[in-house]
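# Predicted structure and sequence below. I'll ask about it afterward.
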Amino acid sequence: MITIRPAAERGRTDWGWLDSRHTFSFGEYYDPRHMGYRSLRVINDDRVKGGAGFGTHGHRDMEILSYVLEGSLAHEDSTGGGGVIRPGEIQLMRAGTGVRHSERNASVTEPVHFLQIWIVPDTRGLPPRYDQRAFDVEAARRGFVELASSAPANGSIRVHQDLALWMARLGGGDERVHPVAPGRHAWVHVARGPVTLNGRPLDEGDSAALSDEPEVSLVGRGDAEVLLFDLA
């Protein structure tokens, strides 16, 4: 079964300096039909103007991943973690027992476009942690690259949940197939460009939940960038 979540139906927060689209309920956007999927709780598609950002605020008991599509994002947190994240990198902030952090556009002139992803951990009260890794962009043009996993390989980030996050970049006509083991589920988010998912067209910002499907089959309908969550 495949259930599509169209980009145009997402929630929206527009504060002038921030234009954010919410795949799942977040902040002032609440829809009981869209509270997350399996352990995936938040996908916020954020665009922040130059020189602007989120002031210091707190979280706990959440695995928070940031993925930059364009521009650069500066992060600081109370663990001492921090850095500038750019395309080709993935960042983890484990909120655990509690952490305070801020994110801001690292440029005063150019916008930054990024995804913030929240995953509910399998254990509460973990020690807070920061991690940031580069991934192989060229490999993503040939197949799927693992960004994060409960059992990380090839330099991906470890998360405390039974899932794997993969990314692929496709050109027009490029094909990717990811098998889905029996009893597992998948969530596909199209970060950029148009694709076909198991025969169904998806455009930028669209997502889809897959259950009882043996595989995720993607075909590019132009240049595209896709995140794939393999979930328990």
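Ah, there it is.
# switch to C-alpha atoms for all contacts and neighbour counts from now on
OK.
# mind listing what the residue lying closest to residue 85 once chain neighbours are set aside touches?
The shortest distance from residue 85 to any non-neighbouring residue, by Cα to Cα, 6 or more residues apart in numbering, is to residue 73 (5.1 Å). Shown in contact with residue 73 (Cα atoms under 8 Å, 6 or more residues apart in numbering): 84, 85, 86, 103, 104, 105, 106, 112.
# what's residue 137 sitting at in phi/psi?
In terms of degrees, to the nearest 10, the main-chain angles of residue 137 are phi -70, psi -40.
# Adjust the sequence numbering to begin at 55 for everything that follows.
In the new numbering, first residue 55, that becomes residue 191.
# so what's it scoring on pLDDT?
Here, the pLDDT recorded for residue 191 equals 93.
# what number of residues lie near the residue nearest to it when sequence neighbours are not counted?
Of all residues not flanking residue 191 in the chain, residue 142 sits nearest, at 6.1 Å (Cα to Cα, 6+ apart). Residues contacting residue 142 under the criterion other Cα atoms under 10 Å number 16.
# Could you do residue 280 as well?
Counted by other Cα under 10 Å, the residues lying close to residue 280 total 24.
# Could you do the one 4 residues further on as well?
Taking other Cα under 10 Å as the neighbour definition, residue 284 ends up with a count of 22.
# okay but the residue nearest to residue 191 is in contact with residue 192, surely?
No. Using Cα atoms under 8 Å as the test, residue 142 is too far from residue 192 to be in contact (9.8 Å).
# if I pick residue 117, what's in contact with it?
Contacts for residue 117 (Cα under 8 Å, 6+ apart) come out as 146, 147, 148, 149, 150, 172, 173, 174, 175, 213, 214.
# what's the distance between the last one and residue 227?
Computed with Cα to Cα, to the nearest Å, the distance linking residue 214 and residue 227 is 35 Å.
# Looking at these two, which one has more neighbours?
residue 214 (19 against 14).
# Helix or strand: which one has the residue lying closest to the more buried one once chain neighbours are set aside?
With sequence-adjacent residues excluded and distances taken as Cα to Cα, 6+ apart, residue 214 is closest to residue 175, at 5.2 Å. For residue 175, there is no helix or strand it lies in under DSSP states H and E.
# Give me the pLDDT value at residue 175.
With respect to pLDDT, residue 175 scores 98.
# now do the one 4 residues further on
Confidence at residue 179, expressed as pLDDT, is 96.
# and if you look at residue 110?
pLDDT at residue 110 comes out at 87.
# so what's it closest to, chain neighbours aside?
Using Cα to Cα, 6+ apart, the closest residue to residue 110 is residue 156 (4.4 Å).
# Turn the contacts of residue 117 into JSON lines, columns for distance to residue 237 and secondary structure.
Below are the contacts of residue 117 laid out as JSON lines (distance: Cα to Cα, whole Å; DSSP: H, G, I helix; E, B strand; the rest coil):
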{"residue": "146", "distance to residue 237": "27", "secondary structure": "strand"}
{"residue": "147", "distance to residue 237": "29", "secondary structure": "strand"}
{"residue": "148", "distance to residue 237": "27", "secondary structure": "strand"}
{"residue": "149", "distance to residue 237": "29", "secondary structure": "coil"}
{"residue": "150", "distance to residue 237": "28", "secondary structure": "coil"}
{"residue": "172", "distance to residue 237": "22", "secondary structure": "strand"}
{"residue": "173", "distance to residue 237": "19", "secondary structure": "strand"}
{"residue": "174", "distance to residue 237": "19", "secondary structure": "coil"}
{"residue": "175", "distance to residue 237": "20", "secondary structure": "coil"}
{"residue": "213", "distance to residue 237": "20", "secondary structure": "coil"}
{"residue": "214", "distance to residue 237": "20", "secondary structure": "coil"}
